[in-house]
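Colleague: 3D, please:
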Amino acid sequence: MSNSLGGKIGPSEDLLDDIEFRSAADAMDLPPPLFSGDKEQGWPDGFSTDRTVVYVQDQPLPSTIQGFGLNVEVNS
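Modeller: Numbers count the residues shown, from 1 in each chain. Take a look at the predicted model:
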């Protein structure tokens, strides 16, 4: 992400989670600063071999997605 704020991500438009940008250190009387870097997001759905990623920005806030990465953990 580059100079971004807001947005939601999930496996479908019906199952989206907010991407958090505010930390406990941010002043509550100011908007959070624009974020540049990587964000980790848990997945709200179970396992599947066929996966879709949906990103939605439904607020009038800047959002630039520079790429998606996948980190898979397998328990055996």
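
Colleague: ok, D50 - contacts?
Modeller: With CB atoms under 8 Å, 6 or more residues apart in numbering as the criterion, no residue contacts D50. For glycine as for every other residue, the C-beta is placed from the backbone atoms N, C-alpha and C.

Colleague: what's the answer for N71, then?
Modeller: In this structure, N71 makes contact with E40, judged by CB under 8 Å, 6+ apart.

Colleague: also E40?
Modeller: E40 makes contact with N71, according to CB under 8 Å, 6+ apart.

Colleague: any idea how far it is from P31?
Modeller: Between E40 and P31 the computed distance is 22 Å (CB to CB, to the nearest Å).

Colleague: likewise for D50?
Modeller: In this structure, D50 lies at 38 Å from P31, with CB to CB as the measure.

Colleague: quick check: which ranges of this protein have low pLDDT?
Modeller: Using pLDDT under 70 as the threshold, the predicted model of the chain has low-confidence ranges 44-48.

Colleague: mind listing what the residue nearest the centre of it touches?
Modeller: Among the residues of the chain, the one closest to the centroid is I19, at 3.9 Å (CA atoms, centre = their mean). I19 makes contact with G6, G7, K8, I9, K39, Q41 under the criterion CB under 8 Å, 6+ apart.

Colleague: quick one: what helix or strand has the fourth one in it?
Modeller: Using DSSP states H and E, I9 sits within strand 8-12.

Colleague: can you check the last one too?
Modeller: When secondary structure is defined by DSSP H and E, Q41 falls outside every helix and strand.

Colleague: now the most far-flung residue of the chain relative to its centre: how far from D50?
Modeller: Distance from the centre of the chain peaks at S76, with 27.9 Å (CA atoms, centre = their mean). S76 is 22 Å from D50, where distance means CB to CB.

Colleague: check L15 too.
Modeller: With distances defined as CB to CB, the gap from L15 to D50 amounts to 15 Å.

Colleague: returning to that earlier point: what's the next helix or strand after the strand holding I9 packed up against?
Modeller: Per DSSP H and E, strand 8-12 leads on to strand 15-18 as the next helix or strand towards the C-terminus. Contacts of strand 15-18 with other secondary structure elements, assessed using 3 or more CB pairs under 8 Å, 6 or more residues apart in numbering; DSSP states H and E, are made with strand 8-12.
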